[in-house]
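>>> prediction below, plus the sequence it came from.
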Amino acid sequence: MDHPLDLARRRWALAGAGLMTLAALGGCTRQAQPGLRIGTNVWIGCEPLYLARELGKLDPAHVQLVEYPSASEVLRAFRNQAIDGMVISLDELFGLAADGFDPRAVLVVDVSHGADAVIGRAGMKSMRDLAGKSVAVEGGALGAYVLSRALALSGMQPGDVRVVHLESNEQPAAFEQGQVDAAVTFDPYRVQMLRAGGHTLFDSTHIPGEIVDLVAVRKNLLHERAPAVAALLIGWFAAVDFLRNDPKDAARRMGIRLQTGADQFLQALQGLRIPTQAENLAMLGGSAPALAQSGHRLMNLMLEAKLLRAPVDVESLLAPGPLSKLSP
């Protein structure tokens, strides 16, 4: 009869062998990759992504949306490797490229046509009324760009106003409490300031085609995570189709996240143009991408205004490949 101590030793030996076998099997099993992490901020142009997720058109196994309070925090997350891609404006894309982060634009989300604005206090009628006054501007490049263009087109200099750096979500309260005289803003915050008695001094209708929002991902992920990038694009266009076919229901769904009604959301969307799949391909690809042409003009303006520290290769930042592989 075996001694109890010998039985215990045999059990431990068998258990150890079993654990080693499981570990070996685990080492041979390919771990599932996490979903592509896409950073967004609170902005109506990002909402079709969340609509796609709600409609079941954005598989979380492929794509995970990560929302931040402001665009500057999205940029910070990308720089810190916390996300794989983001919704970003073209000027911000140039800034990341100049700093060596190698982003690639795979989708044109929208072109601003009135959605970005400078809102001033009641009684103000033009940018010239801001001389010597305080203007809230978000920390990222877009707010500084909009302000610089608004001042230049009004015959003013950057030193004519006092810039107060505030995140976009902090601006409405500061405006209502009289801490700033104006703000460079966008919806849903633009509407809040107008309701508080603000007046539009400048908007993106004066700079057509200059403010473009994109989805960009890290260059290496175009091949390493190609199925996830494709899933992201498919989900986006499914949501855009739903928006075009049933705008009221789509606006109701998207407005819930931004705490706004369907009618107000649709009104805000009038300040944006959302390109179709075919328009996207024309903007990103071909022998003469439309976005490259406007991008060169934007880059030169940014260099002149010292909003970009070095020129970038605009064409190399556009990646139409994943989109061109989708069926029309």
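Happy to help now that I have it.

>>> can you map out the strands along this structure?
36-41, 63-68, 85-89, 103-112, 116-120, 134-137, 162-165, 182-186, 199-203, 212-218, 272-273 (DSSP state E).

>>> of all those, which lies closest to Pro172?
strand 182-186 (8.0 Å; Cβ to Cβ). Glycine gets a C-beta too; all of them are placed from N, C-alpha and C.

>>> now do the closest one: everything it contacts.
Identification of contacts with strand 182-186 by Cβ atoms under 8 Å, 6 or more residues apart in numbering yields 43-44, 112, 115-121, 124, 130, 133-138, 143, 146-147, 150, 161, 166, 168, 171-172, 174-175, 189, 193, 201.

>>> try stretch 39-48
By Cβ under 8 Å, 6+ apart, stretch 39-48 touches 49-50, 65-71, 73-74, 77-78, 82-83, 85-87, 109-110, 115, 168-169, 186-188, 213, 236, 239-240, 243, 254, 257-258, 265, 268-269, 272, 274.

>>> just checking, Gly114 touches Ile207?
No: contact between Gly114 and Ile207 fails when scored by Cβ atoms under 8 Å: they sit 10.5 Å apart.

>>> shaky segments in the stretch 101-250 of the chain?
Across the stretch 101-250 of the chain, the ranges flagged by pLDDT under 70 are 140-141.

>>> mind running it again at 80?
Counting by pLDDT under 80, the stretch 101-250 of the chain contains low-confidence ranges at 139-142.

>>> what segments of it are helices?
141-153, 171-176, 189-195, 221-224, 226-245, 247-257 (DSSP state H, counting those that start in this stretch).

>>> so for the most centrally placed residue in the chain, what pLDDT did the model give?
Centroid-nearest residue in the chain: Val87, 1.9 Å away (criterion: Cα atoms, centre = their mean). Confidence at Val87, expressed as pLDDT, is 97.

>>> hang on, the earlier thing: which stretch among the strands of the chain comes nearest Arg225?
Between the strands of the chain, strand 36-41 lies closest to Arg225; by Cβ to Cβ that is 5.6 Å.

>>> that closest one vs helix 226-245, what angle?
40 degrees (axes from the mean of the first three to the mean of the last three Cα atoms, to 10 degrees).

>>> sheet partners, orientation included, of strand 36-41?
Here strand 36-41 has these sheet partners by DSSP bridges: strand 63-68 (parallel), strand 85-89 (parallel).

>>> how is this structure divided into domains?
Structurally, the chain divides into domains by automatic domain parsing as follows: 36-111+211-309, 116-206.

>>> and the ones you listed as a markdown table, adding distance to Lys325?
Formatted as a markdown table, these follow (distance: least, Cβ to Cβ, whole Å):
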| stretch | distance to Lys325 |
| --- | --- |
| domain 36-111+211-309 | 7 |
| domain 116-206 | 30 |
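
>>> out of the ones you listed, the one nearest Ser316 is which?
domain 36-111+211-309 (8.3 Å).

>>> centre of the chain versus that closest one, how much separation?
5 Å (Cα atoms, centre = their mean, to the nearest Å).

>>> got the end-to-end distance for it?
Domain 36-111+211-309 has an end-to-end distance of 30 Å (Cα to Cα, to the nearest Å).

>>> now stretch 132-151
13 Å.

>>> now stretch 84-98
Note: stretch 84-98 ends 18 Å apart using Cα to Cα.

>>> in that stretch, what's buried?
Neighbour-count burial for stretch 84-98, counted by 16 or more other Cβ atoms under 10 Å, picks out 84-98.

>>> nearest to Val314 among these?
Nearest to Val314 among these, with distances taken as Cβ to Cβ, is Phe94, at 7.8 Å.

>>> and the closest one, what does it touch?
141, 295, 298-299, 302, 308, 312, 314, 317.

>>> of all the domains of the chain, which one comes closest to Pro322?
Going by Cβ to Cβ, the one of these nearest Pro322 is domain 36-111+211-309, 4.7 Å.

>>> one step back: looking at the strands paired with strand 36-41, which is nearest to Lys57?
Lys57 lies closest, by Cβ to Cβ, to one member of those: strand 63-68, at 10.1 Å.

>>> what does the closest one rub up against?
Strand 63-68 is contacted from outside by 34-42, 49-50, 53, 58, 74, 77, 82-83, 228, 231-232, 235, using Cβ under 8 Å, 6+ apart.

>>> nearest to Ser324, of the helices of the stretch 101-250 of the chain?
Of all those, helix 226-245 sits nearest to Ser324, with 10.4 Å by Cβ to Cβ.

>>> just checking, what packs against that closest one?
Packed against helix 226-245 by the contact rule (3 or more Cβ pairs under 8 Å, 6 or more residues apart in numbering; DSSP states H and E) you find strand 36-41, helix 47-54, strand 63-68, strand 103-112, strand 212-218, helix 221-224, helix 247-257, helix 321-324.
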